[in-house]
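Visitor: Kindly return the folded structure for what I paste below:
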Amino acid sequence: MKIAAAQIKPIDKNIDANIQNHLRMIELAAQQKVELILFPEMSLTGYEREKAEALAFTENDARLSVLMEKAKQYQMHIVVGAPIKINSELFIGSFVFSPSGTLQIYTKQFLHDGEELYFKAGNSLNPLIEWRDEKISMAICADISHPIHFENASKVDTTLYLASIFYTPNGINESYTQLSAYAKKYAMNILMANFIGSSYSIEAAGKSACWNKKGEQISQLNGEEENLLIVEI
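Guide: Model prediction:
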């Protein structure tokens, strides 16, 4: 099974341009027979707090239809990030489009300091995706700083853990250490997708990467370029 992390440079608050960039990455992944592609945290909008409510997507947002069509066309799981409005509450979430045409939502469970002013932490939407021989769990950014998140994923026999993040150059090395250790401890493959460039006036580190079940890093991108990291598990 081929999986990919899409390392992109978001255009803050420009959803149309970001969707087009997602489609470009999806097309490239499809050419390589990728079956799952992961985008960074809030990839559809860029990382936003104050503007997030105005930019938010809903569960049945018409703007998502093109991504659903691509998931079906290419028989690919597509995981994208956005602020998501659910029952009048705002979450940082991931939309998970499946080849069968279903849509599931994951909501970030642990917030960074300051995010609680704009978003609600959520743990009720936490799907386990089963595909081929894999059981796939998701995380968003600060989730990976909490050991309980990995422990809970292991309790449902997760084999592939997807981390959509927005980490800076100062924080990326710590994330590498954490993800390597948990991959080994719980025998999970881990795929991480990060931004490059600046979002919310904060510089992103890039360096999207993948670890195998022994905790060994098997591939990594640089911190300067948009690119796809493709690995076979």
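
Visitor: only C-alpha atoms for contact and neighbour calcs from this point on.
Guide: Fine.

Visitor: quick one: least confident helix or strand in the protein?
Guide: Using mean pLDDT, DSSP states H and E, strand 198-199 stands out as the lowest-scoring helix or strand of the chain, at a mean of 92.

Visitor: who touches that one?
Guide: 9-12, 46-48, 204 (C-alpha atoms under 8 Å, 6 or more residues apart in numbering).

Visitor: For this protein, which residues score under the pLDDT cut-off?
Guide: Residues of the chain meeting the criterion pLDDT under 70: none.

Visitor: now the helices for it?
Guide: 15-31, 52-55, 65-74, 147-155, 172-186 (DSSP state H).

Visitor: wait, which of these is closest to Gln104?
Guide: Comparison of the helices of the chain against Gln104 by C-alpha to C-alpha identifies helix 65-74 as nearest, at 11.1 Å.

Visitor: Quick one: list the elements packing against that closest one.
Guide: Secondary-structure packing of helix 65-74 (3 or more C-alpha pairs under 8 Å, 6 or more residues apart in numbering; DSSP states H and E): helix 15-31, strand 77-86, strand 89-97.

Visitor: Run the angle between the longest one and strand 77-86 for me.
Guide: Interaxial angle of helix 15-31 relative to strand 77-86 (axes from the mean of the first three to the mean of the last three C-alpha atoms, to 10 degrees): 160 degrees.

Visitor: hmm, back to that, can the helices and strands packed on helix 65-74 go into TSV with extra columns for distance to Ala121 and mean neighbour count?
Guide: Listed next are these as TSV, based on distance: least, C-alpha to C-alpha, whole Å; neighbours: other C-alpha atoms under 10 Å:
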stretch	distance to Ala121	mean neighbour count
helix 15-31	23	17
strand 77-86	12	25
strand 89-97	7	24
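
Visitor: Skip the chain neighbours and tell me the closest residue to the most centrally placed residue in the chain.
Guide: Nearest residue to the geometric centre of the chain (C-alpha atoms, centre = their mean): Ser164, 2.9 Å. What sits nearest to Ser164 in space, not counting adjacent residues and going by C-alpha to C-alpha, 6 or more residues apart in numbering, is Pro40, at 4.3 Å.

Visitor: From Ser199, how far off is the one you found?
Guide: 12 Å (C-alpha to C-alpha, to the nearest Å).

Visitor: do the same with Thr168
Guide: From Thr168 to Ser199 the distance is 10 Å (C-alpha to C-alpha).

Visitor: Same check on Asn189?
Guide: Asn189 is 28 Å from Ser199, by C-alpha to C-alpha.

Visitor: Also Met68?
Guide: According to C-alpha to C-alpha, Met68 stands 26 Å off from Ser199.
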